[in-house]
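Colleague: below are the sequence and a predicted model; questions follow.
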2 protein chains.
Amino acid sequence: MPKTIAVPDSALASALRLSVVRLNRRLRAQRADNSVTLTQLAALSTLKTHGPLTPGELAAHEKVQPPSMTRVLAALEERGLIVRRPHPTDGRQALVELTPVGRDLLAREVRMREAWLSRRLTELTAEEREVLRAASAVIDKLVSS
Amino acid sequence: MPKTIAVPDSALASALRLSVVRLNRRLRAQRADNSVTLTQLAALSTLKTHGPLTPGELAAHEKVQPPSMTRVLAALEERGLIVRRPHPTDGRQALVELTPVGRDLLAREVRMREAWLSRRLTELTAEEREVLRAASAVIDKLVSS
DNA sequence: TATTGTTATACTCTATAACTATA
DNA sequence: TATAGTTATAGAGTATAACAATA
């Protein structure tokens, strides 16, 4: 049995909820003028990781509804960060992919965003970072289920 | 040295960012009609944990700007979930506290909210839950710094 | 008729700037 | 003059409902 820390089992859901809400606020605030929003950045990251995807696939990945993804893609397309290419076999769909400009911007954004979070991460102990690393994977599993 | 999992150290910030954004979306969506919003719920939780606080203290706790907290409090006050009492020594400030109605609603909300998250938590292994429990504390430290 | 995606609309969340009241 | 809080305003994030195009 793993050792028990401060939070009893019954309160894990509540504690995790509060922690995630607050961290999310901080992450959203961490944005320079003219940079992409956190939501847009997440979509770019997913495209980089998975390669070209249809809008529907992207929405499913990000766990948002299709109209929400439509707006994100419109903003990214307007800035030339993505392009839509015709789907080879289905005229209703399109394949969204990063442009070279989008790829460059993503790399720069990630570096910038990490300024705040990485600095705080370095203030943690190696064990604490390990906890977050493991938690990230567990959260992904949680969200996907 | 703790064992290394999938994510290399340089990418921890990015991975954590994506995970938190997605979990936050899910948590926000997890809201029944007529229930309080996730932000309002967080404020109620903080009041329950810390007792009466001024609006400024509440904003600092939640890491939001004062005007954001003003709106949250206005919504909660309108529903009779909190009251403002005059500050004993400073006429500019007020002390915000939970009403009995607010306390009851908080308890009910927490149970309802946990329906989604707790169900998923039970699908995890004990070790995975332990990781999240520890991560919640680490995230709180991160956000407070 | 079913599926993919978009448009229209609305509500939540949050911030900055300007203002009011009290210290 | 400084501080606590509110009002005004705006932009980001997201959803549901209704629609258009294609399968």
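Modeller: Yes, it's here.

Colleague: pLDDT weak spots in chain A?
Modeller: A:1-10 (pLDDT under 70).

Colleague: tell me the residue of it that sits nearest DNA strand C?
Modeller: DNA strand C sits closest to residue A:56 of chain A, with a gap of 2.2 Å, by CB to the nearest atom of the strand. C-beta here means a position set from N, CA and C on the backbone, and glycine is covered the same way.

Colleague: for stretch A:88-104, buried residues please.
Modeller: Under the neighbour-count criterion of 16 or more other CB atoms under 10 Å in any protein chain shown, stretch A:88-104 has A:94, A:95, A:96, A:97, A:98, A:102 buried.

Colleague: who touches the spatially closest residue to the residue of chain A closest to DNA strand C that is not a sequence neighbour in this structure?
Modeller: Counting by CB to CB, 6 or more residues apart in numbering or on different chains, residue A:66 is the residue found nearest to residue A:56 once chain neighbours are left out, at 6.1 Å. Residue A:66 makes contact with A:55, A:56, A:59 under the criterion CB atoms under 8 Å, 6 or more residues apart in numbering or on different chains.

Colleague: could the residues you listed go into JSON lines alongside neighbour count and secondary structure?
Modeller: Shown next, in JSON lines, are those (neighbours: other CB atoms under 10 Å in any protein chain shown; DSSP: H, G, I helix; E, B strand; the rest coil):
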{"residue": "A:55", "neighbour count": "18", "secondary structure": "helix"}
{"residue": "A:56", "neighbour count": "13", "secondary structure": "helix"}
{"residue": "A:59", "neighbour count": "20", "secondary structure": "helix"}
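
Colleague: looking at these, which is nearest chain B?
Modeller: residue A:59 (11.3 Å; CB to the nearest CB).

Colleague: how about the closest one: what's its closest non-neighbour residue?
Modeller: The spatially closest residue to residue A:59, leaving aside those adjacent along the chain, is residue A:69, at 3.9 Å (CB to CB, 6+ apart).
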